[in-house]
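In: mind folding the following:
(chains A, B, C and D)
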2 protein chains.
Amino acid sequence: MPSLAYDPYVHDCPSRQLLDRIGDRWTVLVIGALEDGPQRFSQLARRVDGVSQKMLTQTLRYLEADGLVLRTAHPEIPPRVEYELTDLGTSLLEPLGALLSWAKDHMGEVQASRDALASAG
Amino acid sequence: MPSLAYDPYVHDCPSRQLLDRIGDRWTVLVIGALEDGPQRFSQLARRVDGVSQKMLTQTLRYLEADGLVLRTAHPEIPPRVEYELTDLGTSLLEPLGALLSWAKDHMGEVQASRDALASAG
DNA sequence: CAGCATCCTGGATGATACTG
DNA sequence: CAGTATCATCCAGGATGCTG
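Out: Got it, this is the predicted structure:
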């Protein structure tokens, strides 16, 4: 049994800060989109369907600041900017994968529970 | 390398639904608080510091509906209601623990990256 | 004690227009 | 193409008061 000892509601606690990041709609999606190699801004925008330019930019800036994503601007016309996961960012794929894996394995049970409660009224 | 193949932005996708749940500030905290056994409502309110009655109630209702938490109301005066993780809820502790673990192990690097960028201007 | 109902605010997010 | 700037919106979440 893993320990959740340090409380994420303590503002200074790393777990809280991580939770805040994962909380927003886009961070996880962007990281997922970058899983298979460097991507250009417009590629990401298409890949992470529904994200606005503003949000994509903001998310990428955060990830860059946190050292999870590397930004490379090529001095060309027209501009070309590529984003890729750093080693640190890549290391996050594993626990994230574990979570998605749980969802895949157990979401059926969750859905069944919802349905049961709904039909029970 | 884990696969993040199925896209969480697809509304039907389990990963998206899980993300939505974890997205809110309280779900993860409540699950964490329930890690070491059944808790009363007021205990949880104190444990998950900062949560309002409304949010705690709402979060518990969701978790109950999803089959992650079991609610037991004892017919007494004054009322006593206990919440505990189901087996399903307990199984979520593991991937969650992995994520928190990552935060613990790497948040230092993240913070260093932030500081570096900040001082660099 | 546990928990609804109501009102209200702020910040996250989107839409739009413009630029190097 | 890859952004920046600005305005508009929406609802999660907090505050408060009441009930069984």
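In: the closest residue to DNA strand D within chain A sits in which helix or strand?
Out: Going by Cβ to the nearest atom of the strand, DNA strand D is nearest to A:S42 of chain A, at 3.1 Å. Backbone N, C-alpha and C define where each C-beta goes, glycine included. Using DSSP states H and E, A:S42 sits within helix A:41-47.
In: distance check, the residue positioned nearest the centre of chain A against A:E82.
Out: The centre of chain A sits closest to A:V28, judged by Cα atoms, centre = their mean, with a distance of 1.0 Å. Distance, A:V28 to A:E82, using Cβ to Cβ, to the nearest Å: 20 Å.
In: do the same with A:Q53
Out: Distance from A:Q53 to A:E82, by Cβ to Cβ: 17 Å.
In: among the two, which residue is more densely surrounded?
Out: Using other Cβ atoms under 10 Å in any protein chain shown as the criterion, A:Q53 and A:E82 rank with A:E82 on top: 16 against 10.
In: I figured that one hits A:L60, correct?
Out: No: with contact defined as Cβ atoms under 8 Å, A:E82 does not reach A:L60; the gap is 11.1 Å.
In: name the residues contacting each of these two.
Out: A:R71 (Cβ atoms under 8 Å, 6 or more residues apart in numbering or on different chains).
In: what does the pLDDT read for the residue of chain A closest to DNA strand D?
Out: At A:S42, the model reports a pLDDT of 97.
In: now swap in A:R16 and tell me
Out: The model's pLDDT for A:R16 equals 83.
In: next one: A:R25
Out: For A:R25, the predicted pLDDT is 89.
In: quick check on it: phi, psi?
Out: Backbone torsions for A:R25, taken as degrees, to the nearest 10, come to phi -60, psi -30.
In: count of residues packed around A:E109?
Out: 16.
In: and what of A:H74?
Out: 9.
In: how about the one 5 residues further on?
Out: Counted with other Cβ under 10 Å, residues neighbouring A:P79 total 10.
In: now do the same contact list for it.
Out: Counting by Cβ under 8 Å, 6+ apart, A:P79 has contacts A:A73.
In: and the one 5 residues further on, by the same measure?
Out: Contact analysis of A:E84 by Cβ under 8 Å, 6+ apart lists A:L34, A:G37, A:P38, A:Q39, A:V69, A:L70, A:T72.
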